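Undergrad: Return atomic coordinates for the entry below.
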Amino acid sequence: MKALIFGIGGFVGRYLTDELKAHGYEVAGSDIMPSCGLEGVEYYEGDLLNAEFVADVVKKTEPDAIINLAAISSVGASWKIPQTTIMVNVVGALNILEAAGKHAGSAKVMFIGSSEEYSQKDEAINECDPLAGNNPYGISKMTQEQFVECYRARYGLKIYYVRPFNHTGVGQRDSFVLPSFCKQAADLEAAGVPGEIRVGNLTAKRDFSDVRDIVRAYRMILESDDDRIIYNVGSGAAHGLDEMLNYIVSLCTNDVKVVVDQERFRPIDTPIVLCDNSLIREKLGWEPEYTIFDTLKEMFEYYLKNE
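TA: Modelled structure (predicted):
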């Protein structure tokens, strides 16, 4: 099997490449940067918004599977650049759909949605709950999903769609909340002096998974038979941001003061997001292998060693 990953140079791309290679896949990839920095990958530099480039990559690689990881993936960033978010997340997806329909009709195709597509709910969210994204990122993913349904009908493509919940790990940019906490704490620990960690809203509760659990789910879904089943992927446990921050601070030996910064608040923030992962557990036998606290400790130690 040969897999083509668009957005291979991003945070998740490295982990998905490792997961697929470990299970016998040949991997090709594309991104906008000159190099993806991954060994043994057939790499193509180019812009996802260039339809001709996307089609050319699909024709050249002749993939058995196409996975799109390329996206504006930060809710916070999507509020700052809503136009770009729509272009990358929707028009970029359309370019892949067009290329797959014309040049790789027998390939499996996977698109990554988001828990941000769902309407707010105080309990665990399952796949049948209504979609009502309340930020540019969530709305872009809802639109992508509608186009997936449209192109499945138009071309008869075998398109898989997944709605992952929050995930993190070593290598995620520190513009995201948990890497930001870990890096700030590790910087203070390395300096060996008391200091401050600046944070936004700590009252929110989120279902965070380790990225390695997430990419394993992607592979298992891609290898499953029924492409019309949409799966949630998440740990099934929601923890408060304050709880996770307190754990990170506990890893420090020096005094740390937490400072709430209003500039770090989102315009709209959902109080709790919790995944009902019973469907993927029952259908595919997937379950998490890491807790978020395992991941936080690993991230903190990585920053302490490398920053």
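Undergrad: any idea where the helices of the chain begin and end?
TA: For the chain, the helices defined by DSSP state H cover 11-22, 51-61, 75-80, 82-86, 92-103, 136-155, 177-191, 211-222, 241-250, 278-284, 292-306.
Undergrad: Residue 124: which of those helices is closest?
TA: helix 278-284 (8.6 Å; CB to CB). Just so you know, the C-beta spots here come from the backbone N, C-alpha and C atoms, and that holds for glycine as well.
Undergrad: who does residue 2 bridge with?
TA: As for beta bridges, residue 2 partners with residue 26 under DSSP bridges.
Undergrad: Roughly how far does it sit from residue 29?
TA: Residue 2 sits 11 Å away from residue 29, going by CB to CB, to the nearest Å.
Undergrad: returning to that earlier point: the helices of the chain: which one's closest to residue 115?
TA: helix 136-155 (8.5 Å).
Undergrad: could you give the mean pLDDT of the closest one?
TA: The average of the pLDDT scores along helix 136-155 is 95.
Undergrad: Could you pull out the buried residues of it?
TA: By 16 or more other CB atoms under 10 Å, the buried positions in helix 136-155 come out as 136-145, 147-148, 151-152, 155.
Undergrad: What of stretch 166-185?
TA: Using 16+ other CB under 10 Å as the test for burial, stretch 166-185 gives 166-170, 172, 176-185.
Undergrad: Over to stretch 105-114?
TA: Buried residues in stretch 105-114, defined by neighbour count with 16+ other CB under 10 Å: 107, 108, 109, 110, 111, 112, 113, 114.
Undergrad: Check whether the second one really touches residue 25, as I assumed.
TA: No - under the contact definition of CB atoms under 8 Å, residue 108 does not touch residue 25, with a separation of 11.7 Å.
Undergrad: what do those two both touch?
TA: Common neighbours of residue 108 and residue 25, counting by CB atoms under 8 Å, 6 or more residues apart in numbering, are residue 65.
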